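Novice: what shape does this take:
(one chain, ligands or ions: 1)
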Amino acid sequence: MSKLRLMLLGGPGAGKGTQAQGLIEYFKIPQISTGDMLRNAVSKKTALGLKAQEYMNAGQLVPDDVIIAMVKERLQAEDCQHGYLLDGFPRTLIQAKAMVDAGIGIDHVIEIQVPDAEIIKRICGRRVHPASGRVYHVDFQAPKVANLDDVTGEPLIQRDDDKEDVIRKRLAVYHQQTAPLIDFYQHQIKNLVEGDQIPKYDVIQGLGDVANIQQQIIHQIESGK
Ligand code: AMP
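Specialist: Residues are numbered from 1 along each chain as shown. Down below sits the predicted model:
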């Protein structure tokens with residue numbers, strides 16, 4: 001089996017986590033979600049979690065060195081040897097360059113574009129099942145029973161960082177610190193890696209039906225392989 005290393009790029013609430021759920025099943029690769037890894041550390045109150053929590057609740061990014069070490073370690077695991085789906089990482093130029101320096105490749109970047117106003121509407125209604133990472137929306141993707149996970153029946157929560165004032169801060173952080181990756185993966189990376197290691201780059205409009213967006217992403221990935 002050939003390796004498939006994917007990256008989802010987009011603002012908070014663009015649908016990366018939702019799309020990732022379908023993609024990892026379809027392509028049989030693990031989802032590397034730095035947000036989920038951090039939330040897990042927060043709920044277990046590990047040293048990393050205690051440090052990360054303040055940044056997350058303020059809508060800010062967790063320091064690069066912490067994130068880079070965490071992802072490098074995760075990618076060593078056996079389940080990543082046939083590929084992976086990066087969801088929410090890299091999120092800064094420093095993180096992206098650290099990947100290049102460590103020889104960690106990406107075959108395909110999928111940028112999911114959604115206007116800010118739509119993101120604010122979406123995110124305030126978002127609910128998650130903390131144990132599995134399953135994502136719902138009170139209007140657009142409601143669970144079968146209000147506020148309960150479809151699979152386990154356990155309660156859903158609203159993440160602290162999904163509250164409106166925090167989401168506005170996170171959008172500002174996205175435009176300032178993460179959006180430069182659009183240029184990085186489309187242009188600058190050509191000066192840093194060999195031709196066959198330059199990732200393919202596609203933009204998908206993230207508005208509308210989740211399944212339809214998923215089909216478009218799968219189509220782009222399969223035609224790029
Ligand atoms: P997410 O679930 O991907 O939206 O991430 C939630 C929060 O975790 C972000 O707002 C950041 O505070 C933190 N976080 C997740 N991934 C990263 C990353 N790659 N770099 C820095 N902070 C991150």
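Novice: next, the buried residues of the longest helix anywhere in the chain.
Specialist: The helix that spans the most residues within the chain, counting by DSSP state H, is helix 210-224. With burial defined by 16 or more other CB atoms under 10 Å, the residues of helix 210-224 counted as buried are 210, 213-214, 216-218, 220-221. (Glycine included, C-beta is placed from N, CA and C.)
Novice: list just the nearest of the residues you listed to Ile110.
Specialist: Taking CB to CB as the measure, Ile110 lies nearest Ile217 of the buried residues of helix 210-224, at 5.5 Å.
Novice: what are the contacting residues of the longest helix of the chain?
Specialist: 4, 6, 15, 18-19, 22-23, 26-27, 107-108, 110, 112, 141, 200, 202, 204-206 (CB atoms under 8 Å, 6 or more residues apart in numbering).
Novice: chain center to that helix: distance?
Specialist: 16 Å (CA atoms, centre = their mean, to the nearest Å).
Novice: please enumerate the strands of the chain.
Specialist: 4-9, 31-33, 83-87, 108-113, 126-128, 135-137, 200-205 (DSSP state E).
Novice: whatever residue of the chain ends up closest to the ligand: neighbour count?
Specialist: Closest approach between the chain and the ligand, counting by CB to the nearest ligand atom: Gly35, at 2.1 Å. When counting by other CB atoms under 10 Å, one arrives at 20 neighbours for Gly35.
Novice: repeat for Asp65
Specialist: 11.
Novice: separation between it and Val71?
Specialist: Distance of Asp65 to Val71, computed by CB to CB, to the nearest Å: 11 Å.
Novice: now for those two: what residues contact both?
Specialist: Here Asp65 and Val71 share no contacting residue, scored by CB under 8 Å, 6+ apart.
Novice: contacts only, for the residue of the chain most remote from its centre.
Specialist: Going by CA atoms, centre = their mean, the residue of the chain most distant from its centre is Val145, 26.5 Å out. Val145 is in contact with Gly153, counting by CB under 8 Å, 6+ apart.
Novice: how close does it sit to Tyr136?
Specialist: 11 Å.
Novice: around the closest residue to Asp64 other than its chain neighbours, count how many other residues there are.
Specialist: Nearest residue to Asp64 in three dimensions, chain neighbours excluded: Ile94, at 4.5 Å (CB to CB, 6 or more residues apart in numbering). Using other CB under 10 Å, Ile94 has 14 neighbouring residues.
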